[in-house]
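Asker: Here's a sequence, model it:
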Amino acid sequence: MDDPAAFQVAMTAPVPTFYLYGEPQRGVEEGFVHVESLDDRSRPSEWTIQPHVHRDLNHMILIAEGGGSMRADGGAVAFDTPCLLIIPAGIIHGFVWHRESRGWVTTIAGSYLQLLLDRDAELQPLFQTPRAVPVPGGDLQEMETAIERLGQELAWSGPGRRAAVEAL
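Answerer: Model prediction:
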């Protein structure tokens, strides 16, 4: 859906509620964190993520290469890469990515995010509205490495896993 007008029409249609994009809504377990490549759901969807909402899940999407447009809560959020897109729970959002964009989607349960934000009140304003936060080029590799490590920690269930996930 490279046509912005068609994307805008899609934003006015009934909005599906998903657990993760394309998955039926279900309860979110306490402490839920999920990491996947931007490519995992975007490539099969022809680089278009239709408007949808998550009741209890927040996204932090690191866009390392490529770009596109994000629609959130009825408006457009412009961004240049590299950047971090923040989408709070309950916000209707969708994306049209440039083909072959590269990045990571980190999803966190609302209750778990709030627990972390209660510990660091300075971060709370960051998660109040959808936004694009520029990432200085020198920080990109460090952020990608941290997200990849987080994904690795989430993939196993050994002792200390929860502490490692929380630290990352």
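Asker: From the chain's centroid, how far away is stretch 145-154?
Answerer: Distance, stretch centre to chain centre, for stretch 145-154: 15 Å (CA atoms, centre = their mean, to the nearest Å).
Asker: Revised request: answer the last question for stretch 155-168.
Answerer: Taking CA atoms, centre = their mean, one finds the center of stretch 155-168 at 20 Å from the center of the full chain.
Asker: For that stretch, list every residue counted as buried.
Answerer: Neighbour counts using 16 or more other CB atoms under 10 Å place 164-165, 168 of stretch 155-168 among the buried residues. Quick note: C-beta positions are derived from backbone N, CA and C, even for glycine.
Asker: would you list the residues you listed in a markdown table and tack on pLDDT and secondary structure?
Answerer: Shown next, in a markdown table, are these (pLDDT from 0 to 100; DSSP: H, G, I helix; E, B strand; the rest coil):
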| residue | pLDDT | secondary structure |
| --- | --- | --- |
| Ala164 | 89 | helix |
| Val165 | 88 | helix |
| Leu168 | 86 | coil |
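Asker: ok, Ala164 touching Ala155?
Answerer: No. Counting by CB atoms under 8 Å, Ala164 does not reach Ala155; the two are 11.5 Å apart.
Asker: quick revisit: make CSV from the buried residues of stretch 155-168 and add distance to Asp39 to it.
Answerer: CSV is the format used below for those (distance: CB to CB, whole Å):
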residue, distance to Asp39
Ala164, 25
Val165, 22
Leu168, 21
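Asker: what about the helices in this protein?
Answerer: Under the criterion DSSP state H, helices of the chain are mapped to 4-12, 38-42, 110-119, 137-154, 161-167.
Asker: can you list those in a markdown table and add distance to Gly90?
Answerer: Shown next, in a markdown table, are the helices of the chain (distance: least, CB to CB, whole Å):
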| stretch | distance to Gly90 |
| --- | --- |
| helix 4-12 | 16 |
| helix 38-42 | 20 |
| helix 110-119 | 8 |
| helix 137-154 | 24 |
| helix 161-167 | 24 |
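Asker: So what pairs up with Ile87 in the strands?
Answerer: Listed by DSSP bridges, the beta-bridge partners for Ile87 are His59.
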